[in-house]
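[1] just to be clear, the model below is a prediction. Sequence and coordinates:
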Amino acid sequence: MFMIVILVVACGFVVQDAPLPEELLAAQRFREDLFLTAHIRWVRETPQGRRYYSSTYAPGDFLLKDHGDETGLVDPQMVRPNMAHAYSERRLLMTEGRDQWDYRDQGLLGLYFEPGCPVIQEQPDLRTLGWIPSPMLYDRPDFLQSDTFLQSALAGTAWEFQVDYPAEGLCEVRAKSSSQIYLWKLDATQGYAPISVQTTATFPDGSTRTYESRFQYAEYDGRRFPSQIEMIDGPRGVREVVKILHAEFDKPWHALDLIPGEALDMPARVNIGYQYAGGTPADAKLGPHLFDGHSRPLNDAELKELADKGQYPPDAVKPLIALHKKRPLPGSTPVDAVAFLDAPGEPVRRALGRWEEYVRRYIIIHKMNDAQARAAWKKLSECQEQARAHLEDHKAEIAENDRMIDAAKKDAAAKSSSPAESKPQESTLSEDVGLAELQARRAKLVDEPLDKIFDKCLRASLWELLTSAQQRSWNDTLKSKKVDRPQTPVNTP
């Protein structure tokens, strides 16, 4: 056993050069270097219930999706008459440029926090969650930089560090200030990964409060990553647990850039609430902003410039506006999970991204335990990989067929807009091949294979994960709702 003592002073929010003991820096480097890209599904358990999330990482970018509780409820404050989005999935994206986007599914408004904003929307980061025993740290952009997280969290205080090795493979790092003590227990054999973290704060009246984080680990894609993070508020006895349901790292189909338009599924011309870094906004930023459909909020001057060039963003938000004129409003009511699972339509069956929603609702409605849920997510990855392999194998054929469909549609549109008395046109592509034939060919190349994988690989496999009691309960639910399934036996998925 040996001990090292270091005195460090960190001022304001400035990150000092190597202000921490090498052991803590090694822990940060190990976690930072663990992956380039990742997709992680997880659940947060509190005394109020369970809440479901997914985190996607690309170099410099981090997307968090909040799927809500077991009913899909994301924001209880929005459960009011004539208000949308209580049940709309919420998406938060922090980009490499240190700006943050906030958007709710099918919304007409998004939020944008420009680089330098001192406060952002809270976006918990699994790379560092629990390293400081508080889940509420992630409302500042510097806390979303995992390579300097501890420097930011400890900034502004003079700390005395003490490093001990009380047993083989066990490292303990203590940090002491005038009012607070931290104790990190690290696994020196595993990149100094945290085993537990404890902090005790002393208040002016002499009272103290102790908080603690405890970590469990598992292997995902050959890498050791937390499988559970337990956070305990000692004085109040409140226990919060984060459980990793599935994690995959550095897959070839992972995006290397998370572009706001695609990552948030936010259409062009959505209104953007622009949050300034501070002070009076520059004149160029005054006025309303619209999303360009890709990665920028555009102000009036920028929109006018694009309009003058004939490059004004397409009116992709128009269908959403029409949707908001109907009742019920988007996200104002929960999805009928039974109908969704019993008869998933083509938009679900033929879109790999929607398969994740199907599995998440399947887990919830069947009350799967953690082992079943992890098996379900693993099966989803296997089925998605099978579907991606098929699409990749036929990539050239699909692209050429889609090109011919577009050409046939344009040709048909041109013919329909021509005056009736115009001279007969020469034979066109749509006449030679036929749009219907091209669409039937696409169904053979894409739709039918995806339907088959969805039914035989995913849906059937999920059914087999259920216990006999869960299967009986589901059949009873279908019978009570009088679901008409003439082509499918009741006792199969």
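    Cool, got the structure. Residues are numbered from 1 along each chain as shown.
[2] CA only for contacts and neighbour counts going forward, please
    Will do.
[3] pull out the buried residues from the one helix or strand residue 321 maps to.
    Here residue 321, judged by DSSP states H and E, is contained in helix 318-324. The neighbour-count check on helix 318-324 (16 or more other C-alpha atoms under 10 Å) flags residue 324 as buried.
[4] contact partners of it?
    Contacts to helix 318-324, defined as C-alpha atoms under 8 Å, 6 or more residues apart in numbering, come from residues 106, 107, 108, 329, 330.
[5] which of these lies closest to residue 247?
    Checking the contacts of helix 318-324 against residue 247 by C-alpha to C-alpha gives residue 106 as the nearest, at 27.1 Å.
[6] surely that closest one and residue 332 touch.
    No: distance between residue 106 and residue 332: 11.3 Å, which falls outside the contact criterion (C-alpha atoms under 8 Å).
[7] show me which of the two is the more surrounded one.
    Legend: neighbour count by other C-alpha atoms under 10 Å for residue 106 and residue 332, higher for residue 106 (24 against 20).
[8] pull the most distant pair out of the contacts of helix 318-324.
    108 and 329 (11.8 Å).
[9] what is in contact with these two at once?
    Between them, residue 108 and residue 329 share no contacting residue, judged by C-alpha under 8 Å, 6+ apart.
[10] start to end distance for stretch 439-454?
    21 Å (C-alpha to C-alpha, to the nearest Å).
[11] any residues in contact with both of residue 106 and residue 332?
    Counting by C-alpha under 8 Å, 6+ apart, the residues touching both residue 106 and residue 332 are residue 88.
[12] low-confidence regions, the stretch 201-350 of the chain specifically.
    235, 279-287 (pLDDT under 70).
[13] and the stretch 1-150 of the chain, by the same measure?
    1-18, 135-136.
[14] my guess is residue 164 contacts residue 175. True?
    No: using C-alpha under 8 Å, residue 164 is not in contact with residue 175, being 11.7 Å away.
[15] tabulate the CA atom coordinates of the host helix or strand of residue 301 in CSV.
    Using DSSP H and E, residue 301 sits in helix 300-308. Written as CSV, here are the backbone C-alpha positions of helix 300-308 (Å, rounded to 0.1, in the frame of the first residue of the first chain):
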residue,chain,number,x,y,z
ASP,A,300,-34.9,36.3,-41.7
ALA,A,301,-31.9,37.6,-43.5
GLU,A,302,-30.6,34.1,-44.2
LEU,A,303,-34.0,33.0,-45.4
LYS,A,304,-34.3,35.9,-47.7
GLU,A,305,-30.8,35.3,-49.2
LEU,A,306,-31.8,31.7,-49.9
ALA,A,307,-35.1,32.7,-51.4
ASP,A,308,-33.3,35.1,-53.7
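[16] OK, contacts around residue 364?
    Contacts for residue 364 (C-alpha under 8 Å, 6+ apart) come out as residue 70.
[17] and with 10 Å instead?
    52, 69, 70, 71, 72, 337, 373 (C-alpha atoms under 10 Å, 6 or more residues apart in numbering).
[18] do residue 204 as well
    Per C-alpha under 10 Å, 6+ apart, neighbours of residue 204: residue 179.
[19] likewise residue 56?
    37-41, 62-65, 93, 247-249, 254-255, 258, 263.
[20] related to what we said a few turns ago, now flag whichever of the contacts of residue 364 is closest to residue 479.
    residue 337 (15.0 Å).
[21] residue 456 versus the closest one, what's the distance?
    21 Å.
[22] and for residue 304?
    52 Å.
[23] same check, this time on residue 252
    24 Å.
[24] circling back: for the helix holding residue 301, buried residues please.
    Buried-residue list, helix 300-308, by 16+ other C-alpha under 10 Å: 302, 303.
[25] residue ranges for the helices of the stretch 251-400 of the chain, please.
    260-264, 300-308, 318-324, 337-342, 346-349, 352-365, 370-393, 395-417 (DSSP state H, counting those that start in this stretch).
[26] wait, residue 119 sits on residue 144?
    No: checked against C-alpha atoms under 10 Å, the pair residue 119 and residue 144 is beyond contact range at 11.7 Å.
[27] so for those two, which sits in the more crowded spot?
    residue 144 (25 against 14).
[28] the more buried one contacts residue 97, correct?
    No: counting by C-alpha under 10 Å, residue 144 stays clear of residue 97, with 11.9 Å between them.
[29] the residue nearest to residue 34 when sequence neighbours are not counted - how many residues pack around it?
    Residue nearest to residue 34 in three dimensions, not counting chain neighbours: residue 223, with 7.4 Å by C-alpha to C-alpha, 6 or more residues apart in numbering. Number of residues near residue 223 (other C-alpha under 10 Å) recorded here: 14.
[30] residue contacts, residue 223?
    Going by C-alpha under 10 Å, 6+ apart, residue 223 touches 34, 35, 217, 247, 248, 249.
[31] and the gap between it and residue 479?
    45 Å.
[32] roughly how far does residue 114 sit from residue 296?
    With C-alpha to C-alpha as the criterion, residue 114 and residue 296 are 11 Å apart.
[33] more neighbours: which of the two?
    residue 114 (19 against 16).
[34] looking at residue 164 and residue 175, which one has more neighbours?
    Applying other C-alpha under 10 Å to residue 164 and residue 175 shows that residue 175 carries more neighbours, namely 23 against 16.
[35] let's verify the more buried one: helix, strand, or coil?
    Classification of residue 175 by DSSP: H, G, I helix; E, B strand; the rest coil places it in strand.
[36] wait, doesn't it sit right on residue 184?
    Yes: the pair residue 175 and residue 184 qualifies as a contact (C-alpha under 10 Å) at a distance of 8.6 Å.
[37] noted, bye for now.
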